[in-house]
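1. Have a look at this prediction, sequence included:
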Amino acid sequence: MSDILPRSGSTLREVDTEIRVADGVWNFGNGVADSFVSHVRKSVPLYDMGHFMAAELASCFMMPGGCGYEIGVSTGELVRRLASHNARTASAHWVGIDCEPEMIEKASEACRSFDNIELVCDDIRKFEFERCDFVIDFLTAQFLTRWERRNLYGKVFKSLREGGAMFIYEKTLQTDGFMQDLVGLLYSRFKRFHGLTHEQIALKSESVYGVIKPETRKNVKNMLKSSGFAQVSLIMKYLNFEGYLAVKR
């Protein structure tokens, strides 16, 4: 029988022109940092608009001379924007956290001229936050288990001052099978439009399966509310990508 049935899974390794997966499983090491920004723009709807939204929100909740965090700083593109968006955010101390040394190295190069950015190579599941005004989780906590996410959001809530907030942008699940199928089709077209091939799209989907742990909108809101956030609002959406604002009141 084993001679008749084909092997399962793709034998391809390339998920983008300069990004390859090892052993069929996606991770952020192995040189991904070198072309991460280019790849993520091809595969994440509203990537740049999400960065703009994060900076705009930060300028609403950040107190002059306050503190803010970016969870999963990657190459430092977003934290640079946060640290220079306007006078209010530029007066703050920003801390970018990432567990990948290659990402921290790239971010350090990108943020070298910023005195108000601190970069930390650490596991966000173990990281302890200081008192702060604003926290951004941009496509990072979706890699954690549900229990780990609740624990993370709980730590963020405790660290935020009264009136502070958290912005989350991530890939979500639909509750309806028809809509899940439809947004999956349209999301695949989005990536094709931005230059990824069918083969690269298929391999990326295989490589992140079980690595990314998407939740429904209801579950995301429930996790945040059970962590203490009384107000959680959907403020951005494109297909299966959604942005939430959670405010501590």
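-> All right, it came through fine.
2. Now do stretch 113-126: distance from first to last residue.
-> This stretch, stretch 113-126, spans 28 Å end to end (CA to CA, to the nearest Å).
3. Now do the residue nearest to the spatial centre of the chain against residue 124, distance only.
-> For the chain, the residue whose C-alpha lies nearest the mean C-alpha position (CA atoms, centre = their mean) is residue 139; its distance is 1.4 Å. In this structure, residue 139 and residue 124 are separated by 13 Å, where distance is defined by CB to CB, to the nearest Å. C-beta here means a position set from N, CA and C on the backbone, and glycine is covered the same way.
4. Mutual contacts of these two, please.
-> residue 72 (CB atoms under 8 Å, 6 or more residues apart in numbering).
5. list the helices and strands the longest strand seen in the chain packs on?
-> Looking across the chain with DSSP state E, the single longest strand is strand 160-173. Of the remaining helices and strands, those touching strand 160-173 by 3 or more CB pairs under 8 Å, 6 or more residues apart in numbering; DSSP states H and E are helix 47-61, strand 132-138, helix 146-159, strand 215-216, helix 217-226, strand 241-247.
6. can you state the direction angle for that strand and helix 146-159?
-> Direction vectors for strand 160-173 and helix 146-159, defined by axes from the mean of the first three to the mean of the last three CA atoms, to 10 degrees, enclose an angle of 150 degrees.
7. how about strand 160-173 as PDB, C-alpha atoms only?
-> Extracted in PDB, the C-alpha atoms of strand 160-173 (Å, rounded to 0.1, in the frame of the first residue of the first chain):
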ATOM      1  CA  LEU A 160      -0.800  49.300  32.000                       C
ATOM      2  CA  ARG A 161      -1.800  52.400  33.800                       C
ATOM      3  CA  GLU A 162      -5.500  53.100  34.300                       C
ATOM      4  CA  GLY A 163      -6.600  54.500  30.900                       C
ATOM      5  CA  GLY A 164      -3.800  52.700  29.000                       C
ATOM      6  CA  ALA A 165      -4.500  50.400  26.000                       C
ATOM      7  CA  MET A 166      -3.300  47.500  23.900                       C
ATOM      8  CA  PHE A 167      -3.600  47.200  20.100                       C
ATOM      9  CA  ILE A 168      -3.700  43.800  18.600                       C
ATOM     10  CA  TYR A 169      -3.600  42.800  14.900                       C
ATOM     11  CA  GLU A 170      -3.800  39.200  13.800                       C
ATOM     12  CA  LYS A 171      -5.200  36.500  11.600                       C
ATOM     13  CA  THR A 172      -8.500  35.200  12.800                       C
ATOM     14  CA  LEU A 173     -10.900  32.300  12.200                       C
END
